[in-house]
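In: Turn this into a model:
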Amino acid sequence: TTEIYTLSLHDALPIYRTKKQISGEYILNFVKQFLAHDIEVVGAIMEPSNRFLNFCILESPALVLPTFVNLVDNALYWLRSVNRRVIRFDVLNNDTVVVNDSGPGIHETMLARIFEAFTTTKPDGRGLGLYIARESLSIAKHEIWATNLATYKTEQRACFCIKFSKNSQNTREGDIDVSE
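Out: This is a model prediction of the structure:
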């Protein structure tokens, strides 16, 4: 006899949503590995602060990592048009991660619309990456926004901020396990 196994998305959710301690260092290494070819081709420099490297949250990697990949991938696209190609990562107020680049920046009129579905300024863009990032993060009560305010910026151009919910904040140092 042949046994038939059926799995639903519901069966996979516990694995997909398993929360792990994730450090800024892990996020940076993941993004560098995932986008290694593009980072090399563009000649971008990734500059994390010590605050970012030591930052730690308790969250599902499947929820957090794609957001950072999308932010850096977008930055790499825009950095191609400038000579100085830097992407900086920092943490403000112990709860807000800032990803800032030296690209051409975000026009003030786009700040309010940049997270809407199908909104893009890339000639070949679909306008879904930032929309999906915001929707995914909001499920866990995290916030993401773009800003031109100098208080968030270490570079003069595009600046994205992610504020993690109080439930995910975990400043405990030590065991950072995302490999299981």
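
In: Can you name the residues that contact Pro48?
Out: Residues counted as contacts of Pro48 (C-beta atoms under 8 Å, 6 or more residues apart in numbering) are Gly24, Glu25, Leu28, Arg88, Phe89, Asp90. Just so you know, the C-beta spots here come from the backbone N, C-alpha and C atoms, and that holds for glycine as well.

In: Filter the residues you listed down to just the ones in helices.
Out: Judged by DSSP state H, helices contain the following of those: Gly24, Glu25, Leu28.

In: Name the member of these with the most neighbours.
Out: Neighbour tally across the ones in helices among the contacts of Pro48 (other C-beta atoms under 10 Å): the maximum, 23 neighbours, falls on Gly24.

In: does that residue really touch Leu53, like I thought?
Out: Yes. Applying C-beta atoms under 8 Å, one finds Gly24 in contact with Leu53, separated by 4.9 Å.

In: Tell me the one among the contacts of Pro48 nearest to Val41.
Out: Of all the contacts of Pro48, the one with the least separation from Val41 (C-beta to C-beta) is Leu28, at 18.7 Å.

In: does that closest one really touch Phe52, like I thought?
Out: Yes. Contact status for Leu28 versus Phe52: in contact at 7.3 Å, counting by C-beta under 8 Å.

In: any residues in contact with both of the two?
Out: What both Leu28 and Phe52 touch, as defined by C-beta under 8 Å, 6+ apart, is the set Phe89.

In: who touches Trp145 in this structure?
Out: Taking C-beta under 8 Å, 6+ apart as the definition of contact, the neighbours of Trp145 are Phe115, Phe160, Cys161.

In: which residue is nearest the centroid of this structure?
Out: Relative to the mean C-alpha position of the chain, the nearest C-alpha, by C-alpha atoms, centre = their mean, is the one of Phe68, at 2.0 Å.

In: Report pLDDT for it.
Out: You'll see Phe68 listed with a pLDDT of 97.

In: Likewise for Leu111?
Out: In this model, Leu111 is scored at 87, pLDDT.

In: again, but for the one 4 residues further on
Out: pLDDT, Phe115: 88.

In: in what helix or strand does Ser136 lie?
Out: Ser136 is part of helix 129-139, with elements assigned from DSSP states H and E.
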